[in-house]
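# output the structure for:
(one chain, ligands or ions: 1)
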Amino acid sequence: METRVVPPALREEEAYRLRTPASSRCFLEAREYLPGGDSRSPLYYPPYPAVLDRGQGCWLIDLDGNTLLDFTGNHSSLIHGYGHPQVLDAVHRQLDKGTIFPGPTEPQLRLAKLLCERIASVDQVRFTNSGTEATLNAIRAARAFTGRHKVGKIEGGYHGTPDDVMVSTHPSIAEAGDRLRPRARPASRGLPPATIDGVVVLPFNDADAAARLIEHESDHLAAVIVEPVLGSAGMIPAERGFLETLREVTRQLSVLLIFDEVVSLRTSFGGAQEHYGVRPDLTVLGKLIGGGFPLGAFGGREEIMRLFDPSGGRPPIPHPGSYNANPISMVAGVATLELLTRDAIAHLNRLGESLRRELRLAFDEAGIASQITGLGSLFAIHLTSRPVRSYRDTIGADADLRHRLFLGLFNEGVLMDPRGVGTISTAIGEPEVDQFVGAVRAVLPRLLES
Ligand code: PMP
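Numbers count the residues shown, from 1 in each chain. Below is the predicted model:
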């Protein structure tokens with residue numbers, strides 16, 4: 001009988017294929033109707049992504065019936081896991097009343113009030129359907145308020161897909177230029193050249209270099225937008241002093257400081273801005289505030305947010321949107337934030353600390369070079385020996401090994417983001433953290449086989 005020898009590098013993929021025949025069939029058919037078989041580009045991974053069917057708490061089930069322990073929370077949106085009864089109950093009650101109305105609603109007021117009460121810098125807020133739209137409006141507000149047009153953003157920072165920020169999200173080392181004066185590189189085709197020219201790319205965690213670039217461009221700079229924890233680049237927290245310097249220099253030069261807290265809001269009751277003690281002018285929100293339903297928000301100083309007020313005539317910045325502040329997302333968001341108490345956050349953060357510590361141990365003991373980054377319940381695994389303080393430090397990491405780790409974890413019944421980032425939900429407890437670390441420990445020796 002002929003025995004087929006599968007090279008070690010392909011063994012995880014082979015095992016994955018054997019586990020996921022229904023996903024394979026569904027995905028192949030989807031490719032006929034959707035380019036790449038889906039509508040969210042970062043979710044693709046080879047040979048094909050598992051097609052997901054249902055979720056409960058921290059467990060997901062795919063089309064083949066594989067049960068997966070979930071450490072994605074739909075990429076940090078579901079902070080209480082899938083189908084939290086309190087969130088679903090609020091949604092069911094609202095469904096009976098109606099899904100959308102041509103006028104303001106009370107649930108909108110409740111969520112706005114909760115956000116303004118929690119986040120010290122947010123006097124007023126407006127809702128959108130995504131973080132992308134929230135970013136777009138925050139930048140537009142900054143331009144209108146300052147009368148300037150350029151935008152400063154961090155190299156490796158991701159803020160959704162508005163043209164202004166689809167710049168230098170993942171530049172290659174060859175195109176990125178000098179570390180201290182990064183070049184602005186389009187992150188997509190189809191961007192107008194003028195957009196790229198209007199973006200000032202700043203290095204993360206190098207306060208002096210960033211301050212120099214801001215000072216140099218200040219005559220034209222409307223805003224600097226920054227994630228306090230660089231998310232898609234791999235959960236890299238700002239070091240003490242970096243955000244403080246950005247705050248100081250932007251205030252001196254009348255440039256607005258925008259925090260993108262779409263991902264980092266969960267790190268503290270009042271967002272990462274509370275953790276760092278830095279007060280931005282505007283804040284962009286999304287993901288968890290919608291409790292699993294589409295939602296984004298932007299908010300900040302009243303004198304800036306006033307630009308969106310139509311009650312005195314045509315507003316300086318019109319902000320229409322057929323599904324803006326739809327009551328389903330509002331009630332799901334209210335229920336989610338009510339559950340996200342200071343105690344719940346402290347618990348999440350403790351689990352995050354212990355997970356990062358255990359992961360470091362596991363990689364060290366296996367002799368595989370890694371950097372485990374993160375803050376609170378956000379974490380990432382970087383397969384590199386170089387300390388990770390910015391996007392640049394991640395460029396040389398071993399992407400092939402990371403992919404094998406990802407598939408290996410899937411084969412062990414654990415789902416992580418293929419980019420090596422993860423989040424912990426309140427549905428996860430110590431046993432699940434142990435299970436995750438156990439799965440990593442089971443996969444690591446397999447990665448060393450050659
Ligand atoms: N900002 C950050 C930090 C994000 O991670 C994302 C989404 N991954 C966005 C903005 C955009 O949000 P959305 O996907 O809702 O447009």
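
# how about the residues of the stretch 1-150 of the chain by the ligand?
Counting by CB under 6 Å from any ligand atom, the stretch 1-150 of the chain comes close to the ligand at 130-132, 135. C-beta: built from backbone N, CA, C; applies to glycine.

# what's the neighbour count on residue 435?
Residue 435 is flanked by 16 other residues according to other CB atoms under 10 Å.

# what of residue 170?
15.

# now residue 445
Residues near residue 445, counting by other CB under 10 Å: 11.

# state the helix or strand in which it lies.
Using DSSP states H and E, residue 445 sits within helix 430-448.

# one more: residue 54?
Using DSSP H and E, the element containing residue 54 is strand 52-56.

# which strands border that strand, and is each parallel or antiparallel?
If you go by DSSP bridges, strand 52-56 pairs up with strand 59-62 (antiparallel).

# residues contacting the residue of the stretch 351-450 of the chain found nearest the ligand?
Nearest to the ligand, among the residues of the stretch 351-450 of the chain, is residue 421, at 9.7 Å (CB to the nearest ligand atom). Contact partners of residue 421, counting by CB atoms under 8 Å, 6 or more residues apart in numbering, are 231-232, 234-235, 378-380.

# turn the residues you listed into CSV, including neighbour count.
As requested, the contacts of residue 421 are exported to CSV (neighbours: other CB atoms under 10 Å):
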residue, neighbour count
231, 25
232, 20
234, 26
235, 30
378, 27
379, 24
380, 27
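
# which strands and helices lie in contact with the helix holding residue 445?
Secondary-structure packing of helix 430-448 (3 or more CB pairs under 8 Å, 6 or more residues apart in numbering; DSSP states H and E): helix 8-19, strand 67-70, helix 342-366, helix 399-411, strand 414-415.

# which elements pack onto the very next helix or strand once past the longest one?
Using DSSP H and E, the next helix or strand after helix 342-366 towards the C-terminus is strand 371-375. In this structure, strand 371-375 makes packing contacts with strand 236-237, helix 342-366, strand 378-382, judged by 3+ CB pairs under 8 Å, 6+ apart.

# give the contact list for the closest residue to the ligand within the chain.
With CB to the nearest ligand atom as the measure, residue 131 is the residue of the chain nearest to the ligand, at 2.3 Å. For residue 131, the contacting residues are 159-160, 260, 262, 284-287, 296, by CB under 8 Å, 6+ apart.

# most tightly surrounded among the helices and strands packed on helix 430-448?
Most buried of these, by mean neighbour count (mean count of other CB atoms under 10 Å): strand 414-415, with a mean of 22.

# could you point out the helix or strand that follows that strand?
strand 421-423.

# mind listing what that following strand pairs with, with the direction of each?
Counting by DSSP bridges, strand 421-423 is paired with strand 378-382 (antiparallel).

# tell me how far the residue of the stretch 351-450 of the chain closest to the ligand lies from residue 73.
Distance of residue 421 to residue 73, given as CB to CB, to the nearest Å: 11 Å.

# list the contacts for the nearest residue to residue 282 once chain neighbours are set aside?
Nearest non-adjacent residue to residue 282, counting by CB to CB, 6 or more residues apart in numbering: residue 300, 3.7 Å away. Contacts of residue 300 were listed using CB under 8 Å, 6+ apart, and they are 121-124, 138, 258, 280-283.

# any idea of the pLDDT on residue 300?
Predicted confidence (pLDDT) for residue 300: 98.

# contact partners for residue 334?
Contacts were defined as CB under 8 Å, 6+ apart; by that measure residue 334 touches 90, 107, 110-111, 114, 291.

# try it again with 6 Å
Neighbour list for residue 334: 110-111 [criterion: CB atoms under 6 Å, 6 or more residues apart in numbering].

# dump the residues of the stretch 1-150 of the chain next to the ligand to JSON lines, plus pLDDT and distance to residue 65.
JSON lines is the format used below for these (pLDDT from 0 to 100; distance: CB to CB, whole Å):
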{"residue": "130", "pLDDT": "98", "distance to residue 65": "32"}
{"residue": "131", "pLDDT": "98", "distance to residue 65": "33"}
{"residue": "132", "pLDDT": "98", "distance to residue 65": "34"}
{"residue": "135", "pLDDT": "98", "distance to residue 65": "39"}
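
# around the ligand, which positions in the stretch 251-400 of the chain sit nearby?
Applying CB under 6 Å from any ligand atom, one finds that the stretch 251-400 of the chain approaches the ligand through 260, 262-263, 286, 296.

# and the two most separated of these?
The largest separation in these, counting by CB to CB, is between 263 and 296 at 12.3 Å.

# among the residues of the stretch 1-150 of the chain next to the ligand, which are in helices?
Those of these mapping onto helices are 131-132, 135, per DSSP state H.

# that older thread, quickly list what the residue nearest to residue 282 is bridged to.
In this entry, residue 300 is beta-bridged to residue 124, residue 282, by DSSP bridges.

# quick one on the thing from earlier: quick one: closest of the helices and strands packed on strand 371-375 to residue 58.
helix 342-366 (11.4 Å).

# elements contacting that closest one?
Judged by 3 or more CB pairs under 6 Å, 6 or more residues apart in numbering; DSSP states H and E, helix 342-366 is in contact with strand 371-375, helix 430-448.

# pick the most buried one from these.
Among these, the stretch with the highest mean neighbour count (mean count of other CB under 10 Å) is strand 371-375, at a mean of 23.

# and the residue most central in space within the chain, what is it in contact with?
Taking CA atoms, centre = their mean, the centroid of the chain lies closest to residue 263, which sits 4.4 Å from it. Residue 263 sits next to 76, 231 when contact means CB under 6 Å, 6+ apart.

# phi, psi of it?
The phi and psi values for residue 263, taken as degrees, to the nearest 10, are phi -100, psi -40.

# repeat that for residue 226.
phi -150, psi 140.

# avg pLDDT for the helix or strand containing residue 194?
Using DSSP H and E, residue 194 falls within helix 193-197. Here helix 193-197 scores 95 as its mean pLDDT.
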